[in-house]
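>>> Build me a model from this:
(chains A and B)
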2 protein chains.
Amino acid sequence: MRQSQLFTKTQKNAPKGEISLNAQLLIRGGFIHKEMAGVYTILPLGLRIINKIADIIRSEMNQTGGVEIQSAALQKKETWEKTGRWNDDVVDNWFKTKLKNDAELGLAFTHEEPLANMMKGFVSSYKDLPIYVYDIRSVFRNEVRAKSGIMRGREFFWKALYSFSKNEAEHNEYYEKAKTAYKNIFDRIGLGKETYLTFASGGSFSKYSHEFQTVCEAGEDIIYADEEKKVAVNKEVYTDDVLKNIGLSKEKLVEKKAIEVGNIFSLGHKFSEPLDLKYKDEKGMDQFVFMGCYGIGISRLMGTIVELNNDEKGIVWPESVAPFRVHLISLGKNDEAEKIYDNLQKNNVEILYDDRDASAGEKFADADLLGIPWRVVVSEKSLASGGVEVKKRSEEKGEIVKFEELIGKIR
Amino acid sequence: MRQSQLFTKTQKNAPKGEISLNAQLLIRGGFIHKEMAGVYTILPLGLRIINKIADIIRSEMNQTGGVEIQSAALQKKETWEKTGRWNDDVVDNWFKTKLKNDAELGLAFTHEEPLANMMKGFVSSYKDLPIYVYDIRSVFRNEVRAKSGIMRGREFFWKALYSFSKNEAEHNEYYEKAKTAYKNIFDRIGLGKETYLTFASGGSFSKYSHEFQTVCEAGEDIIYADEEKKVAVNKEVYTDDVLKNIGLSKEKLVEKKAIEVGNIFSLGHKFSEPLDLKYKDEKGMDQFVFMGCYGIGISRLMGTIVELNNDEKGIVWPESVAPFRVHLISLGKNDEAEKIYDNLQKNNVEILYDDRDASAGEKFADADLLGIPWRVVVSEKSLASGGVEVKKRSEEKGEIVKFEELIGKIR
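Model prediction:
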């Protein structure tokens, strides 16, 4: 893409009132635009990142047997009343609205109820199970405060998978698969090292749920992490009993701030019972479906990646989620830059080409702020040396690379 | 994909109360699930179709110079008050909701106001224009009645592009490009023949807007079509004056029911003036940005395609938007079907493989209902003839095709 065609511009200063580092950098770089606290428009560069994260998640979910659907945002009161979650004292962050006939509707903050309700049309026998469906969409949470930038949105993108199993044993098998898939996701987007499988409070059907917590100063959670085992405990269940129960010893645990980037829950019959989601087992007996749910905040991941990958000049995107692989900068007009742009595109290298009429200093500062992994500069100086200057965003020094060696170098 | 892994099932009967043919067939085939009138969950087969339509639209929008963003659903009252459109007497299909502090928010039904407002941060000089941004997302319209299935949703997918030009001449140039792009889109998804460029009522800045109306008995609009010129007039502007003005003669026009599948509007300064979206021209003078907008209903297109492509047995998807290209059916268990499945997948042929333990009659009836373009049957009979039976959904008769000729045949 030509930078001259990108309508966004970088900004020297973040908007006042935006106190989180992730939103400051993302707004300054033109990745997102703030509509109000906790609500952002995703701009072209940001959308490329969101799509890359989503595609990585999609491939891992498909690997576990998940099938993708697109659920609705508008939700029926009656379904939620059956589980007691329509009540604002039970769920305190609903956005609600009304039809013209005054019937109340909810705006989706999650989908256990509508999906369990829908599955009644598709599940009758044990042969119909298990089912794993997931959904990548924006959901709505009416947060009183939204001060963490894109990490705590009132409207945010997430992936949620819902599992429908015959019984606890079948559920547990999938639950372990989901853990592995989540680990793969965090590895692939470059957060593997900092992300801990974390024991957190469970529910009516399981002693614990599991969170995936990424260690980060901007986090809103406190965890106690065993850095060797790569396992942690959320402060909310940090008791001697729990530590004993899960085999962690207090001396090895380090207190850390962390961001909850994912969570997985065993739901058991919590939703299938009130919504009457049953199947006939091999003996013809009615059984409730055993459910689980598995969430990952996609826009939150984008924010977390920024919090952990930046320097005083801007963002340093990991290659797997970067909006482009190469940032081509031409200093002055030259035909060589045009040729390189065409050639890399033909070779399916994702490239942003700074063809603007701007100073070298401005182009370099923008490139550092945008944080694309490989910077390729075409200047009179580089041309005199028979090539281009190639520098990784994460490294200090660049080197001259001959034209014919460029693709090999940046791949 | 293996059909045994697909959780959806076909249904013999549509849910009562669902009177539209498109929703009846889509629900019976398991493409969508009805949450309430005008609100549907898009199931795996349906999502594949939505994604294909969206990708065709995306490629044509990119071709015109459009860049994709993802706008927000939650919208600020203040922005809409400036253009007078917050008022429920002016816009009668708002869904509104509230923050915890009781501040009112709107749920997006379109994005002229928030985008014009956002562009103030990116547009200052004539050098920043033109800008073409588009958005593919679900939007919300609080319809009193929603009886046309997926063709008039309270929550529905659309693409909306917004153009920001320096002046009317620059705008008109893009407007013509958009017309061509829209024509390409309807051609590519198989609605080209039935779709008319239609003159409709304009606004404060233009005498007419243009709609794209697909002739169909299920349509809610009346148009008068010149079948030779492929141009029509919406009943709302069907007067002698208008006909004279646009050069159509009454005698050649045929009254038809039609579905409005797209529309394009010249907005002029209607939004830029109240929202104060200006730029400095070459002489340093302030000028208002000249806007246009260009919508296409994606879920409505899915419904329209169904209305126009079905028979008594079910849907007949055009190849460009079909959820899969091939429906492989094995009668009885046989290794050959497995081999063909693997082989076609390796050759990137999108294939749904009916590996279920079901009768031939059931499998054929499901295949007809689902409407995948190519049916490939592996049976003892076909194997005895050294191949498979290949039949197009749109044709009555199939033929035996040798294994080695299968890929050539269905491509």
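
>>> can we go C-alpha only for contacts and neighbour counts from here?
Noted.

>>> For chain A, give me the ranges with low pLDDT.
A:204-205, A:333 (pLDDT under 70).

>>> just the helices in it please.
For chain A, helices defined by DSSP state H occupy the ranges A:21-28, A:44-63, A:77-83, A:112-119, A:168-188, A:240-246, A:298-308, A:335-346, A:360-370, A:380-384, A:406-410.

>>> Let's have those in TSV, adding mean neighbour count.
Supplementary listing: the helices of chain A in TSV, determined by neighbours: other CA atoms under 10 Å in any protein chain shown:
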stretch	mean neighbour count
helix A:21-28	25
helix A:44-63	19
helix A:77-83	16
helix A:112-119	20
helix A:168-188	17
helix A:240-246	12
helix A:298-308	24
helix A:335-346	16
helix A:360-370	18
helix A:380-384	15
helix A:406-410	13
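
>>> I'd like to know which of these is closest to chain B.
Of all those, helix A:44-63 sits nearest to chain B, with 5.1 Å by CA to the nearest CA.

>>> Which positions in the stretch 51-200 of chain A make contact with chain B?
Counting by CA under 8 Å from any CA of the partner chain, the positions of the stretch 51-200 of chain A adjacent to chain B are A:65, A:67-76, A:95-101, A:114, A:118, A:122, A:128, A:131, A:142-144, A:155.

>>> Quick check on these: which are buried?
A:65, A:67-76, A:95-99, A:114, A:118, A:122, A:128, A:131, A:142-143, A:155 (16 or more other CA atoms under 10 Å in any protein chain shown).

>>> which ones among these are found in strands?
Counting by DSSP state E, those place A:67, A:68, A:69, A:74, A:75, A:76, A:95, A:96, A:97, A:98, A:131, A:155 in strands.

>>> now the strands for the stretch 201-350 of chain A?
A:208-215, A:221-226, A:231-234, A:253-268, A:278-280, A:286-288, A:290-297, A:310-311, A:314-315, A:326-330 (DSSP state E, counting those that start in this stretch).

>>> just checking, what packs against the fifth one?
When you say that, I think you mean strand A:278-280. strand A:286-288 (3 or more CA pairs under 8 Å, 6 or more residues apart in numbering or on different chains; DSSP states H and E).

>>> Roughly how far does the residue most central in space within chain A sit from residue A:94?
The centroid of chain A falls nearest to residue A:298 when counting by CA atoms, centre = their mean (2.3 Å). The gap separating residue A:298 from residue A:94 is 20 Å, by CA to CA, to the nearest Å.

>>> close enough to count as contact, residue A:386 and residue A:403?
Yes: applying CA atoms under 8 Å, one finds residue A:386 in contact with residue A:403, separated by 7.3 Å.

>>> List the contacts of residue A:376.
Counting by CA atoms under 8 Å, 6 or more residues apart in numbering or on different chains, residue A:376 makes contact with A:326, A:327, A:328, A:329, A:388, A:389, A:390, A:391.

>>> burial count for residue A:37?
By other CA atoms under 10 Å in any protein chain shown, the residues close to residue A:37 number 19.

>>> what's the nearest residue to it if we skip its chain neighbours?
residue A:146 (5.7 Å; CA to CA, 6 or more residues apart in numbering or on different chains).

>>> Is that neighbour in contact with residue A:220, as I believe?
No: the criterion here is CA under 8 Å, and residue A:146 misses it with residue A:220 at 11.7 Å.

>>> Settle it for me: which of those two has more neighbours?
residue A:146 (16 against 13).

>>> Quick one: residues contacting the more buried one.
Residue A:146 neighbours (CA under 8 Å, 6+ apart): A:37, A:38, A:152, A:153, A:154.

>>> Tell me which two in those residues are the farthest apart.
A:37 and A:152 (9.5 Å; CA to CA).

>>> ok, so what distance separates the nearest residue to residue A:76 once chain neighbours are set aside from residue B:155?
Spatial nearest neighbour of residue A:76, chain neighbours left out: residue A:105 (5.3 Å); criterion: CA to CA, 6+ apart. Taking CA to CA as the measure, residue A:105 falls 12 Å from residue B:155.

>>> Between these two, which contacts overlap?
Joint contacts of residue A:105 and residue B:155 (CA under 8 Å, 6+ apart) are residue A:74.

>>> mind listing what the nearest residue to residue A:35 once chain neighbours are set aside touches?
Once flanking residues are discounted, residue A:35 sits nearest to residue A:41: 6.7 Å by CA to CA, 6+ apart. By CA under 8 Å, 6+ apart, the contact list for residue A:41 reads A:32, A:33, A:34, A:35, B:69, B:70, B:71, B:72.

>>> can you list the domain ranges for chain A.
A:8-311, A:324-410 (automatic domain parsing).

>>> need the ones you listed in a markdown table with distance to residue B:374, can you?
Output for the domains of chain A, formatted as a markdown table (distance: least, CA to CA, whole Å):
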| stretch | distance to residue B:374 |
| --- | --- |
| domain A:8-311 | 23 |
| domain A:324-410 | 32 |
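
>>> between those domains, which gets nearest to residue B:136?
Among these, if distance is taken as CA to CA, the winner is domain A:8-311, at 11.5 Å.

>>> Distance from that closest one to the middle of the chain?
Here domain A:8-311 is found 9 Å from its chain centre; the criterion is CA atoms, centre = their mean, to the nearest Å.

>>> measure that domain end to end?
OK, domain A:8-311 end separation, CA to CA: 22 Å.

>>> And for stretch A:123-138?
End to end - CA to CA - stretch A:123-138 spans 27 Å.

>>> likewise stretch A:387-399?
10 Å.

>>> Mind listing residues that contact it?
So stretch A:387-399 is contacted by A:316, A:368, A:371-379, A:382, A:400-403 (CA under 8 Å, 6+ apart).

>>> between these, which has the most around it?
residue A:371 (30 neighbours).
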